[in-house]
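Kindly generate the corresponding structure for this input.
(one chain, ligands or ions: 1)
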Amino acid sequence: MDVHDVFRQLTAGVRFSRKRQVPVNNQQLKNPLSNAVEKPKKEEPEKKRIKVEEEDVEAPAVDFRLLDGDESVIQPKLKKPKKQKEGTAAEQEEQRQEEQNNIFRKQHNISVLGKHVPAPIESFSELSSEPYKLLPRLLQNLLNYGFAEPTPIQMQALPVLLANRPLMACAPTGSGKTLAFLTPIINGLRTHKTSGLRALVLAPTRELAQQIYRECVELTRETGLRTHFISKVSEARHHYGPECKQKYDILVSTPNRVRFLLQQQPPLLDLKRIEWFVLDEADRLMEEGQNNFKEQLDDIYGSCTHPQKRVAFFSATYTVPVAKWALRNLKNLVRVTIGVQNSATDTVAQELLFVGSESGKLVAMRELVRQGLHPPVLVFVQSKDRAKQLFEELLYDGINVDVIHAERTQHQRDNCVRAFREGNIWVLICTELMGRGIDFKGVNLVINYDFPPTTISYIHRIGRTGRAGRPGRAITFFTQDDTPNLRSIAQIIRNSGGTVPEYMLQMKKVRKSEAKLRAKKPLDRDDISTKIRPEKLNGESGKSSKSSNEPGKFVRPLKTEKAKKPKKHGTDKATKTKPKKLPKKQIGKSKLVSNGKKKVVKAKRSKV
Ligand SMILES: Nc1ncnc2c1ncn2[C@@H]1O[C@H](COP(=O)(O)OP(=O)(O)OP(=O)(O)O)[C@@H](O)[C@H]1O
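Modelled structure (predicted):
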C-alpha cells in the first residue's frame, strides 16, 4: 500500500472544495496597493490580518473545507511560512482596543480620519482621570449643566482636543459643539496669567460670539480664567491697551473686530501668545468674497505666531476649501464627522409649502397663525428690507413680533435677542444674520418665508429648531421662481428621513454656475408689503425690494391684494381659507395660540 492508497482510505466519503486560491506573485508582494489585490475593508480588521498572512505565504494557499458537518479547516502541508509578525501583547491589546473604539464610534455615527485618533469617551466623568485629568472645577462646571451624557461630537472631539491635536469637526446643528471646543481650551489654559490673551474664538456674527462668550463665562466659573467679548471697539483701548492692568485669557469675537484692533497704530491687540485658535462656523468664516471673512482671517491667523498653537474648526457644514486648507496647514490633523456631512438634523420635521406667488406667502403665513402657532417661532427672509416689510404686516395683524437685522443698532439687536430668549417676543423675523449658531432654547418652528439661497443656508436655518435632541418643525415656502433650488433642498429633506414628492427629486439639476449666482444674488422678489407705494399707484411694478419703514412712504390700499391659494407639499393639509385682515383698531386684541391656550397679545412697536 503506497502513500496514495493510505490517503484514499483515510478520506473515503469526503468531498473537497477548492474554496479560495490566492494568486500571489512577486509584483503583488512588492506593491500592496496593486489593483490586483483586493483592498481590505475598513471595518474588518480580522479579514485584513488574514489577507496579510495570505500574502506572506510563498505557495498558493488552498483551503480544504469539509462540506458535511465539521467546519474546521484542514491545512495542507505547505512550505514553512515566513515568520509571522505577531506583534507584542501590548500591540495586540492596542488593536483590540481600537476595534472596540470603532464599534462604539459606529454606534454613535462618529467617523474619524487621521492617525492614532484618541479613543472617544462615553461619559463626562471619564474626564476626571488619566489621560485627561480635567481641572476639578471645570469638570464640576461641566457636570453642573446636568447633561446625562456627552453628545457624539463631544465624545470624540473632547479627547482629540485634550490631546492637543488639531481638529476639523463637522456635527449637526444643535449637537453641542460649543462645549466641545470650550472645555479643552479652558483645561489647556488652566490658570489665569497676566501675560495676555492665550485663546481666540471667532464666530461670524456678534450675536453668536456673545452666546459663546456667555457659555465660556459659565464654564470658567471659579477657575480664575478671564474671558472677554469685544462689545464696542471704542472701549477696546481700556481693555487691551498698554495701560490695561486687567489682562484676559480668552477672547471671543468676530473677525472684523479683531482685525480692526490689530490694524490700529499701535495695535490694540497682541495675539503672539495665542495657544488656542478656534473657528466656530468655520466654513462661513473661510468663505471668500462675501463679507471678506477669509481675508480678515488670514490677517488674524498670521498674527497668531505661537509655535505650538492648537487649531480647531467646527461647523455643521463643510466646504471643500476648508478641508483643503486644514489638510495643507495643520499637521497631524484629525477629522471628525457626526452622521452624514452637510445634512440636516433628523430631529426636525420638514415641510415644503407651495404658495404660488409672493403674495401667497402672506396668506400662508396668516393661515398658519389662524391654525395656531406654537411660539417661539423664527421667520427667515432674504433681506433687511423684506424683514421690515413683513414685520409691519405681522404687527398690523396684532402678532407679538419683532425683527432683527443688520440695520438695527447693537442695543436694539441685543434687546431683541434677549426678549425672544425670555419669551417676551413670540415671533422673531430675521435675516441670514441669525441663521447660524444661535441657540434659542425651544424654538418650535422655523418658517423659511423666503426660500434659502443654498442648501447650506437651509441646513443652518432649520437647525435653529430641533436642538439638543428636542423635536422641531420647519416650513419652507416656495414659489415658481424658487424651483431651480427645490431639488437640492428636497434631497436634504429626504436624506434626513423626511418625505418629499418624487417629482421634486426628479427635477433638473441646476448648473454649478447658476447655483453660485443664486447664492450670491438673492432673487428679485415682489414686495411683501400690502401698502401701496406711490409708484405702485402710478402703475409701476412693486418688484424693487428697496422699501422703507419711513413714515409717509407707504399708503395702505383700500383692498388687499388677491393671493393665490397655497398648495401644500408635505404632511399637513393644504390651507383652505384666506384669512381676514384685522382692522387696525384690533391690534392688541388678536389671539395667538400658545401651547394650546388662547392668549391675548399686545402688539409690539418696533424702534426701527
Ligand atoms: N451633552 C449634552 N446633552 C444635552 N444637551 C447638550 C449637551 N451639550 C450641549 N447641550 C445643549 O445643546 C444645545 C446646543 O448646543 P450648541 O449651541 O453648542 O450647538 P451647536 O452644535 O454649536 O449648534 P450650531 O451648529 O447650530 O451652532 C445647547 O443648548 C447646549 O446647552
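
contacts, neighbours, all on C-alpha from now
Will do.

Next, count neighbours for the spatially closest residue to I274 that is not a sequence neighbour.
Nearest residue to I274 in three dimensions, chain neighbours excluded: R198, at 4.1 Å (CA to CA, 6 or more residues apart in numbering). R198 has 25 neighbours, counted by other CA atoms under 10 Å.

likewise the one 3 residues further on?
The number of residues packed around V201, counting by other CA under 10 Å, is 23.

Next: D397.
24.

Equivalent analysis for S513, please.
Neighbour number of S513 under other CA under 10 Å is 9.

and it, helix, strand or coil?
For S513, the assignment made with DSSP: H, G, I helix; E, B strand; the rest coil gives helix.

Quick check: it vs I459, distance?
S513 is 21 Å from I459, where distance means CA to CA, to the nearest Å.

can you pull the contacts of the nearest residue to S303 once chain neighbours are set aside?
Of all residues not flanking S303 in the chain, L271 sits nearest, at 5.8 Å (CA to CA, 6+ apart). L271 sits next to L197, R198, S303, C304, T305 when contact means CA atoms under 8 Å, 6 or more residues apart in numbering.

mind listing what's buried in the longest helix belonging to the chain?
Counting by DSSP state H, the longest helix found in the chain is helix 89-107. Residues of helix 89-107 classed as buried by neighbour count (16 or more other CA atoms under 10 Å): E98, E99, N101, N102, F104, R105.

Is it correct that the third one is in contact with P120?
Meaning N101. Yes: assessed by CA atoms under 8 Å, N101 is found in contact with P120 at 6.9 Å.

Poorly predicted segments of the chain, please.
By pLDDT under 70, the low-scoring segments of the chain are 1-86, 236-246, 289-292, 532-608.

Quickly check: the helix or strand hosting Q412 near the ligand or not.
Take DSSP states H and E as the rule and Q412 turns out to sit in helix 410-421. No: Helix 410-421 lies out of reach of the ligand by CA under 6 Å from any ligand atom, never closer than 11.8 Å.

same for that helix, what does it pack against?
Helix 410-421 sits against strand 401-404, with contacts defined as 3 or more CA pairs under 8 Å, 6 or more residues apart in numbering; DSSP states H and E.

which SS state does the residue of the stretch 301-450 of the chain found nearest the ligand fall under?
Using CA to the nearest ligand atom, the single residue of the stretch 301-450 of the chain nearest to the ligand is G437, 3.2 Å away. Using three-state DSSP, the structure places G437 in coil.

Can you give me every residue that contacts it?
Neighbour list for G437: T173, G174, L208, E281, H460, R464 [criterion: CA under 8 Å, 6+ apart].

Check I528 too.
E358, S359, L362, R386, Q389, L390.

Among those, which are located in helices?
Counting by DSSP H, these contribute E358, S359, L362, R386, Q389, L390 to helices.

Return the distance of the closest residue in space to the fifth one that isn't next to it in sequence relative to V320.
Spelled out, that is Q389. In space, and not counting its chain neighbours, Q389 is closest to S529: 5.3 Å by CA to CA, 6+ apart. From S529 across to V320, the span is 40 Å (CA to CA).
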